[in-house]
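Asks: Starting from these lines, generate the structure:
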Amino acid sequence: GKQCAAPPLPEDGAVREGWRSLETHQLIAVERGLEALPLILGSTLLQQLGVVRISLPRNKIETLHCFSEAPAVGCRGLSMLRELRLPRNNLKCLPEDVGLFRQVEQMDLSGNALTALPRSFLELEALFSLDLTHNNFKTLPDDLGELTRLETLALAENILQKLPSTLPRLHELTALDVSGNGLTHLCVFPNLPEVARIRTPGEADWDCRMEPKSRRYY
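Replies: Numbers count the residues shown, from 1 in each chain. You can find the predicted model right below:
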């Protein structure tokens, strides 16, 4: 039968089966069959505490909003969020107001089915690490270079044919992975001296790739 959503934590923040205490200002649930952000995020307690980290890898989340059940569960109610990790879910799009995550510094959306980034995404001025690996991007906003704090950008295993022309503006960038795409050419990144240039079979030019690092979900 259909897998049920995990039960919410009690409001005293006690730990319950695979969930971390909300007293630490974070919410972590791995492989719980979640289809939406937990409704506990819309509680008055959470609004007061302010969640700074959400890590929900390997679930079935399709959207960051579930207004029909809890209007408070959305980007505006998570304004203190600094880290968002939703790898290997079922995300097909991001909400138009994702730019309200003004304090987010790290975002892992790898292993989903995303095809586009909303315009407000370019308002995430604090973002320094972005992982969009294994999605369905054909193009990216040409103004992606406006995210000038980016240090790590992972775009591997999409269906990109070109990169945004503004990427060379990312002067803080130290790690770029665009392997496994259909790129015909790359921009010049003189500030990436330590990034390996690797020729990938089936692609007309080299890819930038750092040595793979183990992913941490917990």
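Asks: in this protein, which helix or strand is least confident?
Replies: strand 196-199 (a mean of 38; mean pLDDT, DSSP states H and E).
Asks: Output the below-cut-off pLDDT ranges for this structure.
Replies: 1-23, 42-49, 66-74, 185-218 (pLDDT under 70).
Asks: what are the ranges of the strands in it?
Replies: 26-28, 53-55, 83-85, 106-108, 129-131, 152-154, 175-177, 196-199, 206-209 (DSSP state E).
Asks: mind checking which of the ones you listed is nearest residue 40?
Replies: Of all these, strand 26-28 sits nearest to residue 40, with 7.5 Å by CB to CB. Just so you know, the C-beta spots here come from the backbone N, C-alpha and C atoms, and that holds for glycine as well.
Asks: So which elements touch that closest one?
Replies: strand 53-55 (3 or more CB pairs under 8 Å, 6 or more residues apart in numbering; DSSP states H and E).
Asks: Could I get the full set of helices for this structure?
Replies: Remark: helices assigned in the chain by DSSP state H are 44-49.
Asks: quick one: contacts of stretch 98-111?
Replies: 64, 75-76, 78-89, 91, 94, 118-135, 154, 215 (CB atoms under 8 Å, 6 or more residues apart in numbering).
Asks: Any of these buried? List them.
Replies: 64, 75, 78, 81-89, 91, 94, 120-124, 127-135, 154 (16 or more other CB atoms under 10 Å).
Asks: before we move on, the earlier item: closest to residue 162 out of the strands of the chain?
Replies: Of the strands of the chain, the one closest to residue 162 (CB to CB) turns out to be strand 206-209, at 13.3 Å.
Asks: Does residue 62 touch residue 91 like I think?
Replies: Yes - contact status for residue 62 versus residue 91: in contact at 6.5 Å, counting by CB atoms under 8 Å.
Asks: now residue 34: how far from residue 56?
Replies: Plainly put, residue 34 is 6 Å away from residue 56 if you go by CB to CB, to the nearest Å.
Asks: Kindly report the same for residue 113.
Replies: Where residue 56 is concerned, residue 113 sits at a distance of 16 Å (CB to CB).
Asks: Looking at those two, which has the bigger crowd around it?
Replies: residue 56 (24 against 13; other CB atoms under 10 Å).
Asks: The more buried one contacts residue 85, correct?
Replies: Yes - between residue 56 and residue 85 there is a contact at 7.2 Å, judged by CB under 8 Å.
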